[in-house]
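Chemist: following is a predicted model, sequence given first.
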Amino acid sequence: MTDRQKKGRFKRLKWWISSLSIFVVFMIVFFIVDGTIFEPNLNDSDNVAGKAADWLEETELFNVWFTPFNFPWFNLVTLLYIVFLLVSAIVDTFSLKRDKQN
């Protein structure tokens, strides 16, 4: 194994540890804040991103299938981060296979 491959694996491992640590911290904060008076009061007046997020959180996905939290924005952020991690895992898997072939 070359030095370059070792550095690449170390960087990848470091990135995964930091990404999963951030995810765990956000989940702990979301569980603490959810169901309390500390939930954010979001005012989406004429905000395109806010309206899109409101439309997303009113879908069946966030009302029936994926509801770990009472506050719908927490559900949205959690799902987006999970999708981000899954896509990153797929990309890393293919890059590892490519590196082993070379």
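Modeler: Thanks, I have it.

Chemist: counting neighbours, what do you get for residue 77?
Modeler: 15 (other C-beta atoms under 10 Å). C-beta coordinates here come from the backbone N, C-alpha and C atoms, glycine included.

Chemist: show me where the protein has its helices.
Modeler: Assigned by DSSP state H, the helices in the chain fall at 3-33, 48-57, 60, 72-101.

Chemist: wait, which of those is closest to residue 66?
Modeler: helix 72-101 (5.8 Å; C-beta to C-beta).

Chemist: chain center to the closest one, what's the gap?
Modeler: 9 Å (C-alpha atoms, centre = their mean, to the nearest Å).

Chemist: and if you look at stretch 55-67?
Modeler: Worked out by C-alpha atoms, centre = their mean, stretch 55-67 lies 16 Å from the chain centre.

Chemist: contacts for that stretch?
Modeler: Contacts to stretch 55-67, defined as C-beta atoms under 8 Å, 6 or more residues apart in numbering, come from residues 72, 73, 75, 76, 78, 79.

Chemist: top of these by neighbour count?
Modeler: residue 75 (22 neighbours).

Chemist: mind checking pLDDT for it?
Modeler: You'll see residue 75 listed with a pLDDT of 82.

Chemist: surely it meets residue 34?
Modeler: No - Residue 75 is beyond contact range of residue 34, at 9.7 Å (criterion: C-beta atoms under 8 Å).

Chemist: residue 67 and residue 19, how far apart?
Modeler: Separation of residue 67 from residue 19 (C-beta to C-beta, to the nearest Å): 24 Å.
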